[in-house]
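# Build me a model:
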Amino acid sequence: MSTAHTQQTVAVFDPTVLAADAEQILLETDEEMIQATADGYVYYPYRVFGFHLRAKALIDEFEERVYCGIDLCNDKEMFIDQQPTLTERTVTEDALVPPAPEIEDPKQTARHYILELARKELRVGSPPELTVIEDQRVYRPFHLVECQTASGTFLTYIVDGVRGDFHRVYID
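As a prediction, this is how the structure comes out:
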């Protein structure tokens, strides 16, 4: 009996690292790696907020659109220096990493983070005005890559499809 995989269309950070690049990145990290095979994606959840920021420093006035991503698994902030390029993808739901249920208010986390950055970077005396103009769930694509070592050991890695960073996945 076959099971149907439920599909969902989601917004994804535009991937810049191809599967072949992800494999090569891992092969170049260790001379004991003899084979790397990318086997699809896993998608990691973020909430991305766009803010209109207006602040007054001693002599200057600052007005700009700024972006912040909140990692929905660890409630960590990520400054995004320009409007992210997004792609719509239809993926199976089992490829989506579920967000942590205890993360209650990512908008407030993003707001605090951007306000703190503005205070530090702009050295403003009064609180900046911050208005949410965008709020979207976005997934970051990670290549799943199975690697084989010279000793015959198989290891699984995820390679960031945007930046190329990699992390070992420990499976019991």
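# which residues touch the closest residue to His5 other than its chain neighbours?
Excluding the flanking residues, the one nearest His5 by CB to CB, 6 or more residues apart in numbering is Thr92, at 4.1 Å. Just so you know, the C-beta spots here come from the backbone N, C-alpha and C atoms, and that holds for glycine as well. Shown in contact with Thr92 (CB atoms under 8 Å, 6 or more residues apart in numbering): 5-8.
# same question, Cys68
With CB under 8 Å, 6+ apart, Cys68 has these contacts: 48-49, 51, 77-80, 110, 113-114.
# can you do 10 Å?
46-51, 77-80, 106-107, 109-114, 117 (CB atoms under 10 Å, 6 or more residues apart in numbering).
# now, which of the residues you listed lie within strands?
46-51, 77-80 (DSSP state E).
# Widest-spaced pair of these?
Tyr46 and Phe51 (15.2 Å; CB to CB).
# how close does the nearest residue to Gln82 once chain neighbours are set aside sit to Ala55?
Distances taken as CB to CB, 6+ apart place Tyr67 nearest to Gln82, at 7.3 Å, with adjacent residues excluded. Per CB to CB, to the nearest Å, Tyr67 is found 16 Å from Ala55.
# do Val145 as well
43 Å.
# Regarding Trp66, what is its secondary structure?
Quick fix: residue 66 reads Val, not Trp. strand (DSSP: H, G, I helix; E, B strand; the rest coil).
# Surely it touches Leu130?
Yes: counting by CB atoms under 10 Å, Val66 touches Leu130, with 8.7 Å between them.
# anything in contact with each of the two?
49, 51-53, 110, 114, 118.
# Buried members of those residues into PyMOL, please.
Listed next is the PyMOL selection for buried residues among the shared contacts of Val66 and Leu130, using 16 or more other CB atoms under 10 Å:
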select buried, resi 49+51+53+110+114+118
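# Lowest-confidence entry in the shared contacts of Val66 and Leu130?
On pLDDT alone, Ala118 ranks lowest of the shared contacts of Val66 and Leu130, at 84.
# Which residue is the nearest non-sequential neighbour of that residue?
Pro128 (4.7 Å).
# Which strands or helices does the lengthiest helix in the chain pack on?
Counting residues, the longest helix found in the chain (DSSP state H) is helix 106-122. Counting contacts by 3 or more CB pairs under 10 Å, 6 or more residues apart in numbering; DSSP states H and E, helix 106-122 packs against strand 33-56, strand 61-71, strand 77-80, strand 129-149.
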